[in-house]
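Novice: Just a sequence and a predicted model for now, questions to come.
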Amino acid sequence: MKMLALMFFTAAALCASPEPFKTNAPIVRIWPGVAPGSEGKENIPERWVEGGTPDIFHRVTDIHNPSLTIYLPPKGKANGAAVVIAPGGAHRYLVVDLEGEFVAQKLNAMGIAAFVLRSRLARAEGSTYKAEVESLADVLQSIRIVRERAKEWGVDPARVGVMGFSAGGHLAALAENNFDAATRPAFAVLGYPGYVGASTPVGKNVPPTFIFVNDDDPLATGAGEYYLSLRKAKVSVEFHVFRRGGHGVGATGRNTPGFDALSVAKWPELFGAWLGDLGLLR
């Protein structure tokens, strides 16, 4: 768990990764032309990195052309629900396997379409972006794109939500409090969210929210306060605190010995039950 904590906050030097993450899933850019605020940076390539110590996670940084990687469930299993997934990485990089593709695979098994977002990063080396400006704009644009192409992807436009982990949970919280009529998520899922707490502004018409954390996570300590703020604002919210698992478990707990035996490993099933209770898995 110590290594996972360092993954979130430590400003360890990044170095080139010899094995970029590979996927056969289709990828689409979310902005027509250059993303607003990225003028002059559109030709800078993405860079694969590894943490301060070698590990098995795949991380990408230097994102200037935001995109969605598309994971669709089998047609016979699809139920029309969809989720835009924002992986974590302290706004410095994105952990695109543990908190991206592996989560998408879990959701696909539940009949839910998943779209893993590579958003611009506010704390990447030399970044001029802000989480509440460009990164948030990428999340909201992703929701808009999924709705615009809903028929093509077998999605119900009224059942498109947002899900984020760690720093991605911060983006999910921003998205559920800052939206217009075209980009309001149908629901929001915050997995061990960072940078949220009692001071996080709660907007109007916030969608139903599902939050989960581990009790031994030293980083997502503001999640409980944010939950109480949502309750005070009369937002429909479900909050799970699991006994252990630390920070950064994603959907499979890679690098977390015995993950499958931990109660936190059941969060996807609990999320599915919650979504069904909302009538969004019909």
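Specialist: The structure has been received and is ready for your questions.
Novice: Looks like residue 161 contacts residue 183 (just checking).
Specialist: No: if you go by CB atoms under 8 Å, residue 161 and residue 183 don't touch, sitting 11.7 Å apart. Every C-beta, even on glycine, is put in place using the N, C-alpha and C of the backbone.
Novice: so where do the strands sit in the stretch 101-250 of the chain?
Specialist: 113-118, 160-165, 188-191, 209-214, 237-242 (DSSP state E, counting those that start in this stretch).
Novice: With mean pLDDT, distance to residue 26 and mean neighbour count as extra columns, can I get the ones you listed in CSV?
Specialist: Shown next, in CSV, are those (pLDDT from 0 to 100; distance: least, CB to CB, whole Å; neighbours: other CB atoms under 10 Å):
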stretch, mean pLDDT, distance to residue 26, mean neighbour count
strand 113-118, 98, 10, 27
strand 160-165, 98, 18, 30
strand 188-191, 98, 23, 29
strand 209-214, 98, 27, 24
strand 237-242, 98, 32, 17
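Novice: how about JSON lines for these, with distance to residue 105 added?
Specialist: Converted to JSON lines, the strands of the stretch 101-250 of the chain look like this (distance: least, CB to CB, whole Å):
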{"stretch": "strand 113-118", "distance to residue 105": "8"}
{"stretch": "strand 160-165", "distance to residue 105": "14"}
{"stretch": "strand 188-191", "distance to residue 105": "15"}
{"stretch": "strand 209-214", "distance to residue 105": "18"}
{"stretch": "strand 237-242", "distance to residue 105": "21"}
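Novice: Among those strands, which comes closest to residue 230?
Specialist: strand 237-242 (4.6 Å; CB to CB).
Novice: In the protein, where is pLDDT below threshold?
Specialist: 1-22, 51-55, 255 (pLDDT under 70).
Novice: Show me where it has its helices.
Specialist: 2-9, 102-109, 136-148, 150-153, 167-177, 223-232, 267-277 (DSSP state H).
Novice: deepest of those helices, which one?
Specialist: helix 167-177 (a mean of 28; mean count of other CB atoms under 10 Å).
Novice: could you check the distance from residue 241 over to residue 267?
Specialist: 11 Å (CB to CB, to the nearest Å).
Novice: Overlap in contacts, the two.
Specialist: Taking CB atoms under 8 Å, 6 or more residues apart in numbering as the criterion, residue 241 and residue 267 both touch residue 212.
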